[in-house]
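J.: 3D, please:
(one chain, ligands or ions: 2)
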Amino acid sequence: MRWTIAAVLVLAVVFFVGARSETIQDRLLDKGLTVLLTNQGHDMLEQDALRALLCGTSAPLPHASRAKACVAVFAGGKFWLVDTGPGSWNKLSLIGIDPTRIGGVFLTHYHSDHIGDLGQVNMQSWASGRPEPLRVFGPTGVERVVRGFEEAYALDNGYRIAHHGADFVPPEAGKMVPNTIADMEDGTQTVVLKEDGLVVKAFNVDHTPIKPAVGYRFEYKGRSVVVSGDTAKSSSLIAAAKGADVLIHEAQANHIVRRVEAMANKNNRPRIAHIMNDIISYHTSPAQAAESANEAGVDLLLMYHLIPPPQVKAMEPIFTRGLNKVRDGGWVLGDDGMLVCLPADSDAIEISSRL
Ligand SMILES: [Zn+2]
Ligand SMILES: [Zn+2]
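T.: Residues are numbered from 1 along each chain as shown. Ligands and ions are numbered 1, 2, ... in the order given. I've put the predicted structure just below:
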């Protein structure tokens, strides 16, 4: 026992002295920088699978570690973002992605928790060396959103060109190109993109009174992922998700929202109570998301855009209360950094974490 205590004391002294040595500090710094600078997530860009990464699982309510709505889909050697919620670009950088390999952005609708980082996504990927303008797909309204972000970032854009030179950051490449998806009938799908073996289809969802609002289906090498965006339980989404491998669906625990409303009233916070009452009807409860997954016949239901976002692990069973009665297994509550890998021409679904 005496030897153990002595060993701990010696290690403590070595660590204490070492941490104060500038040589050792610099070595540790170089090691950390090497990890950061070489972590480009190129394995996620391998063309042997369709992959989906959760880069934001929260919604407007605050959370210390979850970013707002964002899903990155990897296919054909590029990645594509479904929504760019606040904090999502930071998450993608922490996870390690090569910003120059962005193919484009698909916006589901224009609530701030879905678009807040669009300016960051454009500026950061351009400053990192993206060679082409950024394509931004979305329903009617995308042009206005894109032009607004471009205007807000116009000064920043000019600073960087003046500072680094137009050869290093070509002005043309820093632009965004909006692509408007024509209005659709519920229950139909529009092919938005066909590129490098990837097919992306858009479909209406039910986020009433917010219109238009869409979700997206990604198909690549015999595998498929559907992303809901914001919606109440939607027959149009169920039709579009038929037979998909993975349904990434928003979820709002209405039983908790009702309690927040009641407690807000009790604590004299009428605005919070008012908003809680308003949001009940235009999102999907975890049990309803499970019904949709069952009706569409998907293998995995992955929930994101969590309202309210579980603050601690102990909150998760409260959040998903009632879900197992509808769907016994085949579902996962999403977290930032979660990666789903669907190997080409296979039934396998591999889940891991990149954070
Ligand atoms: Zn939202
Ligand atoms: Zn919304």
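J.: next, the contact list for the closest residue to S235 other than its chain neighbours, please.
T.: Spatial nearest neighbour of S235, excluding adjacent residues (CB to CB, 6 or more residues apart in numbering): G187 at 6.9 Å. C-betas here are computed from N, CA, C, even on glycine. Under the criterion of CB atoms under 8 Å, 6 or more residues apart in numbering, the neighbours of G187 are 203-204, 235-236, 239.
J.: now do H249
T.: Taking CB under 8 Å, 6+ apart, we find H249 in contact with 228, 284, 289, 292-293, 301-304.
J.: try it again with 7 Å
T.: 228, 284, 289, 292, 301, 303 (CB atoms under 7 Å, 6 or more residues apart in numbering).
J.: top of these by neighbour count?
T.: S228 (30 neighbours; other CB atoms under 10 Å).
J.: any figure for the gap between the residue nearest to L92 when sequence neighbours are not counted and T140?
T.: In this structure, L92 finds its nearest non-sequential neighbour in C55, 5.1 Å apart by CB to CB, 6+ apart. Distance of C55 to T140, computed by CB to CB, to the nearest Å: 25 Å.
J.: of the two, who's got more company?
T.: Taking neighbours as other CB under 10 Å, C55 and T140 compare with C55 leading, 34 against 13.
J.: got the buried residues for whichever helix or strand I161 is part of?
T.: Following DSSP states H and E, one finds I161 within helix 154-164. By neighbour count on 16 or more other CB atoms under 10 Å, the buried set for helix 154-164 is 157, 160-161.
J.: confidence score at the closest residue to ligand 1 within the stretch 201-350 of the chain?
T.: Ligand 1 sits closest to D230 of the stretch 201-350 of the chain, with a gap of 4.4 Å, by CB to the ion. Here, the pLDDT recorded for D230 equals 98.
J.: pretty sure it sits against A251.
T.: No. Look at D230 against A251 with CB atoms under 7 Å: they stay out of range, at 10.8 Å.
J.: re the thing from before, quick one: average pLDDT of the helix holding I161?
T.: On average, helix 154-164 scores 97.
J.: which residues outside it are in contact with it?
T.: Residues contacting helix 154-164 (CB under 7 Å, 6+ apart): 123, 127, 169, 171, 174.
J.: try 10 Å
T.: 119, 122-123, 126-127, 150, 153, 166-171, 174-175 (CB atoms under 10 Å, 6 or more residues apart in numbering).
J.: centre of the chain to that helix, how far?
T.: 28 Å (CA atoms, centre = their mean, to the nearest Å).
J.: repeat that for stretch 177-194.
T.: Offset of stretch 177-194 from its chain centre (CA atoms, centre = their mean): 21 Å.
J.: give me the distance between the two termini of that stretch.
T.: When the termini of stretch 177-194 are compared using CA to CA, to the nearest Å, they are 17 Å apart.
J.: how about JSON lines for the contacts of G187, with distance to ligand 2 and neighbour count added?
T.: JSON lines is the format used below for these (distance: CB to the ion, whole Å; neighbours: other CB atoms under 10 Å):
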{"residue": "F203", "distance to ligand 2": "16", "neighbour count": "25"}
{"residue": "N204", "distance to ligand 2": "14", "neighbour count": "26"}
{"residue": "S235", "distance to ligand 2": "19", "neighbour count": "13"}
{"residue": "S236", "distance to ligand 2": "16", "neighbour count": "20"}
{"residue": "A239", "distance to ligand 2": "21", "neighbour count": "16"}
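J.: identify, from the contacts of H249, the entry nearest to ligand 2.
T.: S228 (10.9 Å).
J.: N90 reaches T84, doesn't it?
T.: No. N90 is beyond contact range of T84, at 11.3 Å (criterion: CB atoms under 10 Å).
J.: out of these two, which sits in the more crowded spot?
T.: T84 (29 against 15).
J.: pop out the phi and psi values for that one.
T.: Here is the backbone geometry of T84 (degrees, to the nearest 10): phi -140, psi 60.
J.: alpha carbons of stretch 75-94, as CSV, please.
T.: What follows is stretch 75-94, C-alpha atoms only, in CSV (Å, rounded to 0.1, in the frame of the first residue of the first chain):
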residue,chain,number,x,y,z
ALA,A,75,-22.8,10.0,-50.7
GLY,A,76,-20.9,10.0,-53.9
GLY,A,77,-17.8,11.5,-52.3
LYS,A,78,-19.5,14.6,-51.0
PHE,A,79,-21.7,15.6,-48.0
TRP,A,80,-25.0,17.4,-48.1
LEU,A,81,-26.6,19.3,-45.3
VAL,A,82,-30.3,19.1,-44.5
ASP,A,83,-30.8,22.4,-42.6
THR,A,84,-28.1,24.5,-40.9
GLY,A,85,-29.4,25.2,-37.4
PRO,A,86,-27.4,27.5,-35.1
GLY,A,87,-24.3,25.8,-33.8
SER,A,88,-24.3,23.1,-36.5
TRP,A,89,-21.2,24.3,-38.3
ASN,A,90,-19.3,24.2,-35.1
LYS,A,91,-20.4,20.6,-34.5
LEU,A,92,-19.3,19.6,-38.0
SER,A,93,-15.9,21.2,-37.4
LEU,A,94,-15.5,19.4,-34.1
